[in-house]
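Asks: Take a look and give me a structure for this.
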Amino acid sequence: MTMGAYADAYQRSRTDPEGFWLDAAAAVDWDRAPTRALDDSGRWFPDGVLNTCFNALDRHVRDGRGDQDAVIWDSAMTGQVSRWTYRELLDRVSRFAGALRARGVGKGDRVIVYLPMIPEALVVMLACARIGAVHSVVFGGFAPKELAARIDDARPTVLVAASCGLEPNRVVEYKPIVDEALRLAEHRPEGGVLIFQRDQVRAELGPGEADAAEELAASEPTDCVPVAATDPLYVLYTSGTTGRPKGVVRDNGGHAVALRWSMSAIYDIGPGEVFWTASDVGWVVGHSYIVYGPLLAGATTVVYEGKPVGTPDAGAFWRVIAEHGVKALFTAPTAFRAIKRVDHEAAELARYDISGLRTLFLAGERLDPETYQWAVRTLEVPVVDHWWQTETGWPICANLRGLEPMPIKPGSPTVPVPGFDVRVLDQAGEELPTGADGAICIKQPLPPGMLPTLWGDHERFVESYLSRYPGYYLTGDSGHVDEDGYVFVMGRTDDVINVAGHRLSTGSMEAVLATHPAVAECAVIGVRDELKGQVPRGFVVLKSGVQADPEALRAELVAAVRDQIGPVAAFRDVDVVDGLPKTRSGKVLRKSMREIADSGETKVPSTIEDPAVLEDLRAALRGDR
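Replies: Sure, this is the predicted structure:
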């Protein structure tokens, strides 16, 4: 790769991380500016003092942007649209911060946030940041047992919830879930429970519970509390293999610097521009790029309550882009697969003017070539795949549109982002040559914005991420780097299967299946086999309206894999199913699929969107369909 803006920045981030990140830190307002970027323990800006809420709100009002829209709330579920300026959002946040303080929440205390996609979710998160409290958002609608586990681990002073969340064709009452979670949990939030009442369902309030909107309205504005850059901003739980959730910690200083830098360098978004991340605040994508990233950049963020299809149709995304002047959209590939499946010819798009859209960013799961090509044809804008994790908090690999846009290679999230020293290692920890598949790792020191630890369990942090390859962070993903420095992420390391001694990527097989004109979505898993150890088994979902003879389709798909990957793959079994089991964020639950294939049983994950899909999968594996 020729030296350019990207190569210069990446090289400097590796050879002079101190200078590179202190320069980036100049874009943040500090109560006490850091004199050092990194200490010996790997903590960023150790002598810096700041407040994240001040950087997200107060400074924009101070600098004359108070009348600019900060938030556009678009609820496809209710038909409501509302806009809050930076000044209006600051007023609400500072008042809710006062309400939390009145209930005993102080610096370092935790607040559990159990809210749907309403703008009050941003108010609560930013109010916590304002007073130095630590928020922990739990995806609205999570089961009581999962909510209870997070209550016991975080030990919050206050729990903030809504009376309900809205799904297509149903209302999910939150208060009974909260009540049951508190019954199951050992910890009691001593500051009580605050409920935002929604018109669809109004919750009955008991002792120690109050109307959150009333408390907000009655409270006095509260100033920002300066915190150390290394103090925690939030804890976000991700599922752990032991059944106990892992609390990913995000610090204040590194997080603010990394996200502020990423908004301009990666997403090419500046003050006053409209950025829409179609996700949920319950996920890391929502934390980073619905709430903090856009507001740190002085942009306008869209908070969308709805689905890509069915609320009311497959033109929902195009409507939001057109009505609100969205410059860049960030969502998961599964959203575009859903639109493609229902409206393959994109007929709904003709109703809207989306000429203001400049870029589509996709992340959260592997972007298959068929979905990529469909999005390119449909939108006629750059479609940018990028790759990151809950633990990293921002992209590991991306096509940096604001620094140096690069040629796009379908199947690759392009190149490592400055700060991320990406290496591909073999099982012995040796670096692999160009083109060879192995474990993708990040060489220490880790960049700002990444998790410094797990909540209350640093040993588990080391064991989970740093012990497998000393000196490296284990991403858990496998792949390779090509001759141009482009990274190809083929799947989780446990999605590499061993067929008669040959290590094969199920992601490669999925890429072949996805090219078939009848296939909307697909997944390949490895199942146990007495002779070969493991053999691949495929599952495909057909495009809407497509009729195909299952046996003929199976033969075509098997032939395609045999032709493009080879007979060594031993790919012979593929089933047509109505849907793939997914989390609410769109990730396919391949681990659950493997467990059903091997034993017939699996623990239904708390994150699953539709448990009935697992039963359909069981039937396919038994041959009952």
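
Asks: what does the domain assignment say about this structure?
Replies: Here the chain is described, according to automatic domain parsing, as comprising the domains 5-306+386-479, 500-622.

Asks: Quick check: end-to-end length of stretch 55-70?
Replies: Across stretch 55-70, the terminal residues are separated by 13 Å (Cα to Cα, to the nearest Å).

Asks: what's the answer for stretch 581-591, then?
Replies: Taking Cα to Cα as the criterion, the two ends of stretch 581-591 lie 10 Å apart.

Asks: Which of the domains of the chain has the lowest mean pLDDT?
Replies: For the domains of the chain, the weakest mean pLDDT is recorded on domain 500-622, namely a mean of 82.

Asks: all helices of the stretch 251-400 of the chain, in order?
Replies: Under the criterion DSSP state H, counting those that start in this stretch, the stretch 251-400 of the chain contains helices at 253-265, 284-286, 293-296, 316-324, 333-342, 369-379.

Asks: quick one: which of those is nearest T15?
Replies: Using Cβ to Cβ as the criterion, the shortest distance between T15 and those is 17.7 Å, found for helix 253-265. In this view, the C-beta of every residue, glycine as well, is placed from N, C-alpha and C.

Asks: for the helices of the stretch 251-400 of the chain, which one sits closest to S592?
Replies: helix 333-342 (16.0 Å).

Asks: residues in contact with the closest one?
Replies: Under the criterion Cβ atoms under 8 Å, 6 or more residues apart in numbering, residues 278, 307-309, 314, 317, 346, 362, 364-368, 371, 374-375, 520-521, 541, 543-544, 582, 586-587 lie in contact with helix 333-342.

Asks: now do 6 Å
Replies: For helix 333-342, the external contacting residues (Cβ atoms under 6 Å, 6 or more residues apart in numbering) are 308-309, 314, 362, 365, 367, 371, 374-375, 520-521, 543-544, 586.

Asks: Give me the subset of those residues lying in strands.
Replies: Among the contacts of helix 333-342, the residues falling in strands (DSSP state E) are 362, 520-521.

Asks: what's the closest of those to R130?
Replies: For R130, the nearest member of the ones in strands among the contacts of helix 333-342 is L362. The distance, counting by Cβ to Cβ, is 32.7 Å.

Asks: how much space is there between that closest one and P333?
Replies: L362 sits 5 Å away from P333, going by Cβ to Cβ, to the nearest Å.

Asks: quick one, what contacts the closest residue to D353 other than its chain neighbours?
Replies: Closest residue to D353 apart from its sequence neighbours, by Cβ to Cβ, 6 or more residues apart in numbering: A322 at 5.2 Å. Neighbour list for A322: 352-354 [criterion: Cβ under 6 Å, 6+ apart].

Asks: just E609 next, same as before
Replies: Contacts of E609 were listed using Cβ under 6 Å, 6+ apart, and they are 582, 584.

Asks: returning to what we had before: by neighbours, which of the ones in strands among the contacts of helix 333-342 wins?
Replies: Within the ones in strands among the contacts of helix 333-342, E521 tops the neighbour count with 26 neighbours, counted by other Cβ atoms under 10 Å.

Asks: Quick one: residues contacting that residue.
Replies: With contact taken as Cβ under 6 Å, 6+ apart, E521 is in contact with 337, 541, 580.

Asks: try 8 Å
Replies: When contacts are counted by Cβ under 8 Å, 6+ apart, E521 is found next to 334, 337, 341, 514, 540-541, 579-580.

Asks: hang on, the earlier thing: mind putting the contacts of helix 333-342 into a markdown table with distance to P611?
Replies: As requested, those are exported to a markdown table (distance: Cβ to Cβ, whole Å):
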| residue | distance to P611 |
| --- | --- |
| P308 | 21 |
| V309 | 20 |
| A314 | 25 |
| L362 | 26 |
| E365 | 20 |
| L367 | 26 |
| T371 | 25 |
| W374 | 29 |
| A375 | 29 |
| A520 | 21 |
| E521 | 18 |
| K543 | 24 |
| S544 | 22 |
| G586 | 16 |
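
Asks: and which of those residues is nearest to G206?
Replies: Sorting the contacts of helix 333-342 by how near they are to G206, with Cβ to Cβ, puts G586 at the top with 36.0 Å.

Asks: close enough to count as contact, that closest one and P308?
Replies: No - counting by Cβ atoms under 8 Å, G586 sits too far from P308 to count as a contact (9.7 Å).

Asks: Who has more neighbours out of the two?
Replies: Set side by side, G586 and P308 show more neighbours around P308, with 23 against 19, by other Cβ under 10 Å.

Asks: Quick check: the gap between the nearest residue to G586 once chain neighbours are set aside and R584.
Replies: Counting by Cβ to Cβ, 6+ apart, the nearest residue to G586 once its immediate chain neighbours are dropped is T334, at 3.4 Å. With distances defined as Cβ to Cβ, the gap from T334 to R584 amounts to 10 Å.

Asks: got it, and D578?
Replies: In this structure, D578 lies at 18 Å from R584, with Cβ to Cβ as the measure.

Asks: With neighbour numbers in mind, choose between these two.
Replies: For D578 and R584, the more surrounded residue by other Cβ under 10 Å is R584, and the numbers stand at 19 against 13.

Asks: Quick check: the gap between the more buried one and F330.
Replies: The separation that R584 has from F330, given Cβ to Cβ, amounts to 17 Å.

Asks: wait, doesn't A129 sit right on T52?
Replies: Yes - using Cβ under 8 Å, A129 and T52 qualify as a contacting pair, with a distance of 4.5 Å.

Asks: Identify the contacts common to the two.
Replies: Both A129 and T52 are contacted by 233, 252, under the criterion Cβ under 8 Å, 6+ apart.

Asks: Around G411, how many other residues sit close by?
Replies: G411: 19 surrounding residues under other Cβ under 10 Å.

Asks: isn't it right up against V487?
Replies: No - here G411 lies out of contact with V487, judged by Cβ under 8 Å, at a distance of 10.3 Å.

Asks: Show me which parts of stretch 15-24 are buried, residue by residue.
Replies: Buried residues in stretch 15-24, defined by neighbour count with 16 or more other Cβ atoms under 10 Å: 17, 20-22, 24.

Asks: and the residues you listed, which of them are in helices?
Replies: 17, 20-22, 24 (DSSP state H).

Asks: Which two among those are spaced furthest apart?
Replies: The span of those, defined through Cβ to Cβ, is set by P17 and A24 at 10.3 Å.

Asks: From V303, how far off is the residue nearest to V281 when sequence neighbours are not counted?
Replies: Beyond its immediate neighbours in the sequence, the residue positioned closest to V281 (Cβ to Cβ, 6+ apart) is A121, lying 4.7 Å away. Distance, A121 to V303, by Cβ to Cβ: 8 Å.

Asks: What of A328?
Replies: With the distance defined as Cβ to Cβ, A328 ends up 15 Å from V303.

Asks: try R584
Replies: Taking Cβ to Cβ as the measure, R584 falls 16 Å from V303.

Asks: Just want the most central residue of the protein.
Replies: The C-alpha lying nearest the average C-alpha coordinate of the chain belongs to V285 (Cα atoms, centre = their mean; 3.3 Å).

Asks: That residue touches T277, doesn't it?
Replies: Yes - with contact defined as Cβ under 8 Å, V285 reaches T277; the gap is 6.1 Å.

Asks: Common neighbours of those two, please.
Replies: Overlap of the contact sets of V285 and T277 (by Cβ under 8 Å, 6+ apart) consists of F330.

Asks: which residues in the stretch 51-200 of the chain form helices?
Replies: So, for the stretch 51-200 of the chain - with DSSP H, counting those that start in this stretch - the helices run 52-53, 59-62, 86-102, 119-130, 144-154, 175-184.
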